[in-house]
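1. this one's sequence-less:
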């Protein structure tokens, strides 16, 4: 999955530092990120498909030269994390009202066409580029940075008293100097559910999303609800089925929706007729394991779970 980057390691611990010339910069606009466009990835040509993000020295050169004639004083840089020896920073325009829905699979990812690049050779592209990006450690860095970007963007003011918030200098926490409110990164628990019927698995497609591939049932955990109860509720709401024998598989951080996903397998209980919640799903169908052409992409928990079902149930 996207987080499986061994022997590389992402160190999320916050340090109060300013960027140096070779540190990397993530600069987001809505659901787009400033990067060099990817090429079609070819396994026989691994140099293709590499996505590059600007280093601090390139960023400074871009905003102070050419048509831009901007000043670095108009930007702020916040330390995000490191991957091995590479450090990453979030760049934001000071006093800018940031756009973006930050909802699921980038409902507004098309907005990148509206944004003008400030560095020659780079352009704004949808953050879902991480699905194709190499190396994998950089792709994981991008999706994690997007998660933190959404949190920083949405917490510039205190939700308790409305005062300006400030970043703590020792840990990743935003605090209000007026009322003392402490705000830590928001992580939303959610479930991914593989509903099975003997040698069949239920595959769906989202309605109104930019992601058009097959998916599993998914949904956010509600207040006062166990994850198992979330599984039961989401399956009933989205496809009208009852389930039993709910079994936990594994989890995954998923920065696109600011979530940590918990994967579950379960069996249909009784009626197998699918009734779609049409505002959520456009498609739902039972597939035999032998019919599945969906392979593990090494990125998502969903694809890994579908691939595991196929492997375990083919030639039964």
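-> On my side now, so go ahead. Here the structure is a predicted model, which means the values were calculated and not measured.
2. residue 234: how many residues sit nearby?
-> Other residues near residue 234 come to 24 when the count uses other Cβ atoms under 10 Å. The C-beta positions use only the backbone N, C-alpha and C, and glycine is treated the same way.
3. how far away is the residue positioned nearest the centre of the chain from residue 180?
-> What sits nearest the mean C-alpha location of the chain, by Cα atoms, centre = their mean, is residue 256, with 2.3 Å. Here residue 256 is placed at a distance of 32 Å from residue 180 (Cβ to Cβ, to the nearest Å).
4. do residue 160 as well
-> Distance from residue 160 to residue 180, by Cβ to Cβ: 9 Å.
5. from residue 206, how far out is residue 30?
-> 19 Å.
6. neighbouring strands - and their directions - for the helix or strand residue 252 falls within?
-> According to DSSP states H and E, residue 252 maps onto strand 243-254. Applying DSSP bridges, strand 243-254 is found paired with strand 259-268 (antiparallel).
7. list the buried ones in the very next helix or strand once past the partner strand?
-> Going down the chain from strand 259-268, the next helix or strand is strand 281-288, by DSSP H and E. Buried residues in strand 281-288, counted by 16 or more other Cβ atoms under 10 Å: 281, 284, 286-287.
8. and strand 281-288, which strands flank it?
-> strand 200-206 (antiparallel).
9. in the partner strand, what's buried?
-> Those would be 200-206, for strand 200-206 by 16+ other Cβ under 10 Å.
10. right, and the helix or strand after it?
-> strand 217-220.
11. buried residues in the helix or strand immediately after that following strand in the chain?
-> Note on strand 217-220: by DSSP H and E, the next helix or strand toward the C-terminus is helix 227-239. Residues 228, 230-232, 234-235, 238-239 are the ones in helix 227-239 that count as buried (16+ other Cβ under 10 Å).
12. for stretch 21-39, same thing?
-> So for stretch 21-39, counting by 16+ other Cβ under 10 Å, buried means 23-35, 38.
13. next one: stretch 138-149
-> 138-149.
14. give me the angle between the longest helix along the chain and strand 259-268.
-> Counting by DSSP state H, the longest helix found in the chain is helix 136-153. Relative orientation of helix 136-153 versus strand 259-268 (axes from the mean of the first three to the mean of the last three Cα atoms, to 10 degrees): 110 degrees.
15. can you offset everything so residue one is 57?
-> Done: numbering now begins at 57, and the last item shifts to helix 192-209.
16. output the contacting helices and strands for helix 192-209.
-> strand 66-67, strand 80-85, strand 131-139, strand 142-149, strand 299-310 (3 or more Cβ pairs under 8 Å, 6 or more residues apart in numbering; DSSP states H and E).
17. export these to JSON lines and tack on mean pLDDT?
-> Output for the helices and strands packed on helix 192-209, formatted as JSON lines (pLDDT from 0 to 100):
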{"stretch": "strand 66-67", "mean pLDDT": "96"}
{"stretch": "strand 80-85", "mean pLDDT": "92"}
{"stretch": "strand 131-139", "mean pLDDT": "96"}
{"stretch": "strand 142-149", "mean pLDDT": "94"}
{"stretch": "strand 299-310", "mean pLDDT": "97"}
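18. can you tell me the element residue 176 falls in?
-> Judged by DSSP H and E, residue 176 forms part of no helix or strand.
19. correct me, but it touches residue 114?
-> No: assessed by Cβ atoms under 8 Å, residue 176 is found out of contact with residue 114, at 9.0 Å.
20. when the two are compared, which one has more neighbours?
-> Regarding residue 176 and residue 114, a neighbour count based on other Cβ under 10 Å identifies residue 114 as having more, with 19 against 11.
21. could you list the low-pLDDT ranges of the stretch 57-206 of the chain?
-> 94-105, 122-125, 153-170 (pLDDT under 70).
22. pull the most distant pair out of the buried residues of helix 283-295.
-> Greatest spacing in those, by Cβ to Cβ: 284 and 295 (17.3 Å).
23. got a list of what the residue lying closest to residue 345 once chain neighbours are set aside touches?
-> Nearest residue to residue 345, sequence neighbours excluded (Cβ to Cβ, 6 or more residues apart in numbering): residue 369, at 3.6 Å. Residues in contact with residue 369 (Cβ atoms under 8 Å, 6 or more residues apart in numbering) are 255, 257, 345.
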